[in-house]
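> Just need the structure, nothing else, for what follows:
(one chain, ligands or ions: 1)
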Amino acid sequence: MTTPRGRVAVYPGSFDPLTNGHVDIILRGARLFDRIIVAVLRNAEKHPLFSAEERVQAARDVFAEYANVEADSFDGLLVDYAHLKQATAIVRGLRAVSDFEYELQMALMNRRLGPEIETVFMMPAEQYTYVSSRLVKEVFALGGPVTGLVPEIVEYRLREKRSQAQQDV
Ligand code: PNS
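Take a look at the predicted model:
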């Protein structure tokens with residue numbers, strides 16, 4: 001059964017910053033669902049590198065050419081946001097066994113909170129199985145190259161953040 005607006009999936013996360021691993025999962029989701037909404041969690045970390053607005057904008061810029069990929073931010077319970085958007089699925093990427101326990105807990109909690117919403121796991125391409133936002137930020141902060149790990153626009157915005165920080169000191 002499809003809703004009039006088609007099958008909608010929410011892809012939630014911190015996306016601080018969006019990596020090519022995230023991009024890979026979003027592209028896979030965009031092929032499976034009529035619409036996929038990249039949902040940036042507000043206030044997950046006290047001091048994110050990018051504001052929620054900047055992270056939403058990065059996703060919008062990267063997927064500007066994709067009519068069925070949207071980006072938005074949310075607060076509160078993910079299932080409430082999914083209901084608001086009439087989403088029937090939550091998409092999450094699974095990189096390695098180490099991701100599994102946390103993902104299983106979240107998926108089962110979300111099922112308890114919203115039994116009609118299904119969590120769908122997808123594996124990214126092998127070359128992104130070790131890529132995480134945390135490691136990208138660490139490598140970049142220490143002067144290492146992140147080319148190929150994040151979209152070009154994100155790499156550019158990381159450099160902008162660095163020059164802003166240098167100007168502020
Ligand atoms: O990319 P992340 O940081 O692993 O994403 C975690 C996220 C945003 C999916 C998770 O923290 C979340 O859904 N937060 C919203 C609060 C919520 O609904 N919690 C209860 C369900 S586990």
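
> CA atoms for contacts and neighbours, from now on please.
Noted.

> who does the residue nearest to R28 when sequence neighbours are not counted bridge with?
In this structure, R28 finds its nearest non-sequential neighbour in M122, 7.9 Å apart by CA to CA, 6 or more residues apart in numbering. Assessed by DSSP bridges, M122 has beta-bridge partners G93.

> M122: neighbour count?
Residues near M122, counting by other CA atoms under 10 Å, number 16.

> and it, what does it touch?
Contacts for M122 (CA atoms under 8 Å, 6 or more residues apart in numbering) come out as 25, 28, 91-94.

> mind showing which ranges of the chain have poor pLDDT?
Applying pLDDT under 70 to the chain flags residues 1-5.

> try it again with 50
Applying pLDDT under 50 to the chain flags the ranges 2, 4.

> Quick check: the farthest pair among the contacts of M122?
Using CA to CA, the pair of the contacts of M122 lying farthest apart is R28 and L94, separated by 12.8 Å.

> re the thing from before, how near is the residue nearest to R28 to E45?
Distance, M122 to E45, by CA to CA, to the nearest Å: 25 Å.

> And for T88?
Distance of T88 to E45, computed by CA to CA: 27 Å.

> Between those two, which is the more surrounded one?
Between T88 and E45, counted using other CA under 10 Å, T88 has the larger neighbour count: 22 against 10.

> which residues sit in contact with that one?
7-9, 82, 116-118.

> What is the nearest of the residues you listed to A71?
Nearest to A71 among the contacts of T88 is A9, at 11.6 Å by CA to CA.

> Helix or strand for the closest one, just tell me which one.
strand 8-13 (DSSP states H and E).
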